[in-house]
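Student: What shape does this take:
(2 chains)
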Protein chains: 2
Amino acid sequence: MKSELLGTDEILLPAGFRAAGVRAGIKKREVKDLALLVSDTPATVAGVFTTNQVNAAPVKLCRERLTGGTARAVVINSGNANACTGADGLADARRMATVTAEALGVPDETVFVCSTGHIGARLPMDVVEAGVRHAAQKVSATGGRDAAEAIMTTDIRVKHWTVKFQVDGKPVVLSGIAKGAGMIEPNMATMLAFVMTDAAVDQAALQKALAAAVNQSFNRITVDGDQSTNDTVLLLANGQAGHEAALNEDHPAWPDFIAALNEVTLQLALKIVEDGEGANKRITIIVEGAESDADADKAARAVANSFLVKTSWAGVYPNWGRVMDAIGYAKARVDEDKVDIWYDEHHAAHQGLATGIPLETLKAVIEQTRFTIRINLNLGEGRAVVYTCEITEEYVRINVT
Amino acid sequence: MKSELLGTDEILLPAGFRAAGVRAGIKKREVKDLALLVSDTPATVAGVFTTNQVNAAPVKLCRERLTGGTARAVVINSGNANACTGADGLADARRMATVTAEALGVPDETVFVCSTGHIGARLPMDVVEAGVRHAAQKVSATGGRDAAEAIMTTDIRVKHWTVKFQVDGKPVVLSGIAKGAGMIEPNMATMLAFVMTDAAVDQAALQKALAAAVNQSFNRITVDGDQSTNDTVLLLANGQAGHEAALNEDHPAWPDFIAALNEVTLQLALKIVEDGEGANKRITIIVEGAESDADADKAARAVANSFLVKTSWAGVYPNWGRVMDAIGYAKARVDEDKVDIWYDEHHAAHQGLATGIPLETLKAVIEQTRFTIRINLNLGEGRAVVYTCEITEEYVRINVT
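Tutor: Reported below is the predicted structural model:
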């Protein structure tokens, strides 16, 4: 299996997929704000959505359409979340699908819809509809980058990842694009990700694989502890690679498919953390020795979401006491006299006490753009990993409006 | 009952209480960092402490001494939390008490100890001991303000409140001082508060009254969602007001005592929110119509702790959609089609949808230094109130070191 980042200029779409990204006029800024992903043939589709009880109209529509199991297109707008818009908002989402279906000549119920942006306002449907028709004319095998740009909101960087592997000697491509930079928390956040493959995959196996992939990727990142109303990950598999039997758990190439899917989703998730609003660092929090994996997860998230810990990283202030404080209020069992903490390989605290390691050594760790804080609770076998970033004054500047 | 704020120059101590605040040299800055509160006669004492599983040596010592039920003195240092310091730290806390007891000529076990500041380093015991002896020589009936200054860390303002009332025709004074500006969350935070009264109160009744008072005051505020290792509220009642029977639930003056205690603790709590690190606003979040009071509390805290909501207040950006998002991920039942939101008296959302009220009207509300966001979930009778502040770039600047 060969994974590759093809540079920022090009996104390799799997066979039989086309894409476009255009400026419809939903955002005030003159940037692309409407994307279209199209499969030339019916693709099996899997989806994972926000767990927020307040969820956007397009999320409701996608959940409904997922029961059909087949997708031909995904239409996505940025600049407006179409959330908290009630029955009118749901009608707008349906209308987006219908206009897309008509423009592409595909069945209405095979069109999926996603939105991201401000909450609480109706979509400007006139510009959305014109944008969809424009995008439908522009879709091409080289339109992936335009699509990835059009789904961005506060993102600075375009996010994509591609893995190639083989099934029955046939080359298979699995490519993903994503957006997300803030409001990123456990169980996803204001994030959208779209993964496409030309493998053929049974729908039930595809859904199961996606749920597992999301759990080891998008559900392991946190920027600010806020969960969004619009999170969606869709995975489309159209079979255009031409291998024989469709993939499922019994196929010999299944482990390769899972590895490819896990890699693409994890890389996209890490790119979201690295593009965290106002952030420059990617920090890996590992908690081990917890009473259970669930306890380890709670402790890791308490550290990753503590604003006192996150601001201390921004200030290159290696305050392991704030880490102790955070695990102490996590809803996980902690015995302060048993806790060990490492900054990369440097032992900062042993049995809950300072090891006496020079502050300068720890400072050198958190001056890096990537480092790991490892915590051993020394209570059991539970383990969890969470990826996060620091919080800077820039984060506040970005979010005051 | 007469409540009064005596200005920043003077803090009225109840009869038989003396106080001092001195510079011991624990902090690098040349400011006061050690306080002493003394009762001339044995006072009944009640205490409420942090729920953090990682808790400081002085918290452990106070919990132990509370079983004795009697206090003669409280010694408090700022600049060092004496947390994550193990057995040595506990010995340091005991030594602080012993030195205080010797300097004042009171029994060792009646001295309570509190610390606040950085976590993980040993106290500089030489300067602490000298500071205690110095403070013991300086205690006076007019030393309350010096004590209130000496317990400050990132606080900008001295925090105190006094209420006067009568028992059996005798004047009674109830006075409190507090510190706290960040790391402020449910179930207290890096906050210390000391309440003194010359009323005589039965110890069991005193403890019950304090627990209830803390629940309606310090447990209703949140600055940043971080809980500290050192939170302590102590209440000392020395009986020097000279009324006849000690107060308890059966005494006719009990309601007056409770009202005074609730007022002093609530006012101190509000002063902590108003002094929130980098903050200028005090926001009251009211959630009503929840399925239960516990659900209302969860929803109110989700809003109060959402950094996207808090930064939008800093930017005077009345984004009710972020409020909807936050209650949606709260672990409380929410039906988005039933939610109403008001900014002061202005109806921003009805049944989960924009009411169409002009943005300028909502902006005018959050431009104020005090305003209320009221949310009705329209599901039941549950209700909760939480007090919080906005998050500014200044908060990040304060906490990067």
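
Student: residues near the residue in the stretch 101-250 of chain A positioned nearest to chain B, how many?
Tutor: At 2.6 Å from chain B, A:I119 is the closest residue in the stretch 101-250 of chain A, using Cβ to the nearest Cβ. Where you see a C-beta, it was placed from the backbone N, CA and C, and this is true even at glycine. When counting by other Cβ atoms under 10 Å in any protein chain shown, one arrives at 24 neighbours for A:I119.

Student: Check whether it really touches A:G89, as I assumed.
Tutor: No - using Cβ atoms under 8 Å, A:I119 is not in contact with A:G89, being 10.4 Å away.

Student: tell me which parts of the stretch 1-150 of chain A are close to chain B?
Tutor: Neighbours of chain B within the stretch 1-150 of chain A, by Cβ under 8 Å from any Cβ of the partner chain: A:51-55, A:81, A:83-86, A:118-121.

Student: which two in these are spaced the farthest apart?
Tutor: With Cβ to Cβ as the measure, no two of those lie farther apart than A:T51 and A:A121, at 23.6 Å.

Student: returning to that earlier point: go through the residues of the stretch 1-150 of chain A next to chain B and flag which are in strands.
Tutor: Judged by DSSP state E, the residues of the stretch 1-150 of chain A next to chain B include A:H118 as members of strands.

Student: which stretches of the stretch 151-300 of chain A form strands?
Tutor: Taking DSSP state E, counting those that start in this stretch to define them, one finds strands in the stretch 151-300 of chain A at A:159-167, A:170-179, A:192-197, A:221-222, A:232-237, A:282-290.

Student: Retrieve the pLDDT associated with A:D108.
Tutor: Per-residue confidence (pLDDT) for A:D108: 98.

Student: right, and it touches A:A97 too?
Tutor: Yes - taking contacts as Cβ under 8 Å, A:D108 lies within contact range of A:A97: 5.9 Å.

Student: out of those two, which sits in the more crowded spot?
Tutor: A:A97 (23 against 14).

Student: Secondary structure class of that one, three-state.
Tutor: helix (DSSP: H, G, I helix; E, B strand; the rest coil).

Student: residues contacting the residue nearest to it when sequence neighbours are not counted?
Tutor: Excluding its sequence neighbours, the residue lying closest to A:A97 (Cβ to Cβ, 6 or more residues apart in numbering or on different chains) is A:V111, at 4.1 Å. A:V111 sits next to A:R65, A:A71, A:R72, A:A73, A:V74, A:V75, A:A97, A:T98, A:T100, A:A101, A:L104 when contact means Cβ atoms under 8 Å, 6 or more residues apart in numbering or on different chains.

Student: Give me the buried subset of those residues.
Tutor: A:R65, A:A71, A:R72, A:A73, A:V74, A:V75, A:A97, A:T100, A:A101, A:L104 (16 or more other Cβ atoms under 10 Å in any protein chain shown).

Student: just checking, which of those residues belong to strands?
Tutor: Among the buried ones among the contacts of A:V111, DSSP E puts A:A71, A:R72, A:A73, A:V74, A:V75 in strands.

Student: Now those in JSON lines, please, with extra columns for pLDDT and distance to A:A314.
Tutor: JSON lines is the format used below for these (pLDDT from 0 to 100; distance: Cβ to Cβ, whole Å):
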{"residue": "A:A71", "pLDDT": "96", "distance to A:A314": "41"}
{"residue": "A:R72", "pLDDT": "97", "distance to A:A314": "45"}
{"residue": "A:A73", "pLDDT": "97", "distance to A:A314": "42"}
{"residue": "A:V74", "pLDDT": "97", "distance to A:A314": "36"}
{"residue": "A:V75", "pLDDT": "98", "distance to A:A314": "38"}
